[in-house]
Every structure is written in C-alpha cells, then in structure tokens.
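Asks: Generate a structure from the sequence data that follows.
(chains A and B)
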Amino acid sequence: AQRVTQPEKLLSVFKGAPVELKCNYSYSGSPELFWYVQYSRQRLQLLLRHISRESIKGFTADLNKGETSFHLKKPFAQEEDSAMYYCARGETSGSRLTFGEGTQLTVNP
Amino acid sequence: SQTIHQWPATLVQPVGSPLSLECTVEGTSNPNLYWYRQAAGRGLQLLFYSVGIGQISSEVPQNLSASRPQDRQFILSSKKLLLSDSGFYLCAWSRATSGNTIYFGEGSWLTVV
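Replies: Here you go, the predicted structure:
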C-alpha cells in the first residue's frame, strides 16, 4: 500500500522565520505529489502539486526521488499561513490519493 | 464552474441510529467521488471511492456503506451508528480523465452519543 508520512503533527514558528513541513512517501511507480491546506473555518483545498513546479503563497516544494521526499518550504512565514497541511500522493495513471496525517502549522507574531 | 455540496454540516445521533450524509457535485460529468474521514491524530482516511454509478470501492472495513444512485450524487450511510463513527466526514470529487487534483466539500461533523 502507498504510504505518506508527515513526521511532525505540530509545528510552531515565529513570523518571518523560515518554515519547512516534512513529507516522505513510499517508493513505487510514478508518484504524483501534492500539498493540501485547510485554513480555520475553510474547506480543505489544493495548495500546490509537484508537476506544476509553481510557488503558491510563497510556498514551494521539490520532489526528491532519491530521498522520496516532498517537503514544503517557505522562507518567511506569515501569521496567515497558520493552518493544517496535508501531503498526498497519487499515481500519474490517475488513481486515488493517499494522504499523510497532517501537520498543524502555527505562526506566532 | 464546478461546485460540491455536502450536508448536513453538523449531526448529533444516538448510538444505534441510522446515518445518511449526502453529497452532490455540479458543473461536471462522470466525476470520481470520494468519502474521507478526518480524525484527530489520524489524518485523512479514504473510506470509499466511486468511478461511476453503482461502482463503489471500500478502502477500510467498517460500519459504514456508500452508494452512488446518480452520476453526481454520493451518499454515506450506516444502519446502526457506533460511538467510534464520530468524526469529520469529507466528500470530494476529481475529474476522471485529467489528473489527481481532488476538490473537497465543506465537511460534516458527526457526533454519536
């Protein structure tokens, strides 16, 4: 079975500090990796996907196949980044996603 | 544009009572549909997914069932709720033909008492 591991359930940083949310995935097939975010009182939504190679709200994530990681990074955290973040993997063939357990990020003023 | 609606938003049910959570998608045809449960400390757990009318796959053995009576309607049910069924349930959809991006509903809080 596919697995996604987010080792940190809680992560707290100060505003302006760099932040990295870790994600590791089980190695098999041709994975497609995603980060989803859930802000307080909002629905879970897509933040970014690795095939797009884009930066969303200052966040980036690079797929490292050697380390089977897809860590989410932002150089300067903002208070509005406080949210629950989920890493997820699917297959490029179009199967369903497997989610990690999530990391609750708190950015303190 | 596509939208997903899920209801009820909040539900308090006694143990042993039935359950029905409903989800509908608008603005697309033949979507893949999903039911997830979001539990504290356990992340997002896929319960059921469907690639078409009447086609339901169950991911984990449990007290719940799902049905897809129409193309854009997905229903989560139970005949007799257990305390352990309490949680936050999310309906979601994705396009069948173009990648894995999943779009979530607003969720339903179920408390079994």
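Asks: In the sheet, which residues pair with the nearest residue to A:Leu10 once chain neighbours are set aside? Tell me.
Replies: Distances taken as Cβ to Cβ, 6 or more residues apart in numbering or on different chains place A:Gln104 nearest to A:Leu10, at 5.2 Å, with adjacent residues excluded. (Each C-beta comes from the backbone N, C-alpha and C, glycine too.) Residues in a beta bridge with A:Gln104, per DSSP bridges, are A:Leu10, A:Met84.
Asks: could you list every residue that touches B:Leu19?
Replies: Counting by Cβ atoms under 8 Å, 6 or more residues apart in numbering or on different chains, B:Leu19 touches B:11, B:13, B:64, B:76-78, B:81, B:85, B:110.
Asks: how about a cut-off of 6 Å?
Replies: Neighbouring residues of B:Leu19 by Cβ atoms under 6 Å, 6 or more residues apart in numbering or on different chains: B:77-78, B:81.
Asks: so what's B:Leu81 up against?
Replies: B:13, B:17, B:19, B:112.
Asks: Pull out the buried residues from those.
Replies: B:13, B:19, B:112 (16 or more other Cβ atoms under 10 Å in any protein chain shown).
Asks: Looking at those, spot the one nearest B:Leu33.
Replies: Nearest to B:Leu33 among the buried ones among the contacts of B:Leu81, counting by Cβ to Cβ, is B:Leu19 at 17.5 Å.
Asks: where's the closest residue to the closest one other than its chain neighbours relative to B:Ile4, distance?
Replies: Once flanking residues are discounted, B:Leu19 sits nearest to B:Ser78: 4.0 Å by Cβ to Cβ, 6+ apart. Computed as Cβ to Cβ, to the nearest Å, the B:Ser78 to B:Ile4 distance reads 21 Å.
Asks: Neighbour count: the two, which is higher?
Replies: B:Ile4 (23 against 20; other Cβ atoms under 10 Å in any protein chain shown).
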